[in-house]
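A.B. asks: Quick one, structure for this:
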Amino acid sequence: MVRLIDSDLNRGNCIISFKCVVKRISRFFVAASICLSASACGLVEKHQRYSCPEVFILNDAQKLTRFQPGFGRDDSDIRFEAEISDFRGECDYNQDQGEWTVGVDLLVQISVDRGPANRSGDISFEYFVLLPDFEGKPGGKKIFAIDGAFTEDSERRVYQDNVQLLVPLKTPSEGAGTEIVLGFQLTRDELKFNRAR
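C.D. replies: Predicted coordinates:
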């Protein structure tokens, strides 16, 4: 399943774009390997290296506990629990007709554990990718849906999403200060539950 989403947010002639490819993988774990840091990959131009944008997982939205409908909030009422458990990636700077962009390729890993109340085995949730510098503007936040199911003999599923971003920059040195934030799209009650943990 391929999702290609282009925003109409422009800075000069550049457009922020997201491309997301969903892969359903069971019993797969990616070791912590984060290329997106101050010393990580970037473009070398005339011996100048530009650092990649920094990626963060929003603490209050790193986990999701989805309960069955009703007022019950015991462990027996849990349909599934999910966690953004890891990410890794790389970036590449480009200049075209004087306009700079940084392309970011992220691999986001989400683990989902089945709860006692999930008799159907269905899995359905959303997570977001946010660019705080563009928050409130078209393209500043994209929400991706994951729909799946547990198999009869599985209690855990692991999903990998490949998210590709193209972010416009005024200068390449802006890239290191650009932030990318990941998190689950939670209801008000789910956010309250996370904060009460």
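A.B. asks: now residue 112: how far from residue 148?
C.D. replies: 8 Å (Cβ to Cβ, to the nearest Å). (C-beta placed from N, C-alpha, C; glycine too.)
A.B. asks: Which of the helices and strands in the chain ranks last by mean pLDDT?
C.D. replies: Within the chain, no helix or strand scores below strand 2-11, which has a mean of 33 by mean pLDDT, DSSP states H and E.
A.B. asks: Neighbour count: residue 112 and residue 148, which is higher?
C.D. replies: Legend: neighbour count by other Cβ atoms under 10 Å for residue 112 and residue 148, higher for residue 112 (24 against 15).
A.B. asks: How much space separates the more buried one from residue 139?
C.D. replies: 28 Å.
A.B. asks: Ok, residue 61 next?
C.D. replies: From residue 61 to residue 139 the distance is 20 Å (Cβ to Cβ).
A.B. asks: Residue 130 too?
C.D. replies: For residue 130, the distance to residue 139 - Cβ to Cβ - is 11 Å.
A.B. asks: so what sits against both of the two?
C.D. replies: Counting by Cβ atoms under 8 Å, 6 or more residues apart in numbering, residue 130 and residue 139 have no shared contacts at all.
A.B. asks: quick one: contacts for the residue lying closest to residue 165 once chain neighbours are set aside?
C.D. replies: Excluding the flanking residues, the one nearest residue 165 by Cβ to Cβ, 6 or more residues apart in numbering is residue 104, at 4.4 Å. Shown in contact with residue 104 (Cβ under 8 Å, 6+ apart): 36, 52-53, 89-91, 164-167, 180.
A.B. asks: And the longest strand anywhere in the chain, what does it pack against?
C.D. replies: Longest strand in the chain, counting residues (DSSP state E): strand 78-96. Identification of packing neighbours for strand 78-96 by 3 or more Cβ pairs under 8 Å, 6 or more residues apart in numbering; DSSP states H and E yields strand 54-57, strand 63-67, strand 99-114, strand 122-130, strand 179-184.
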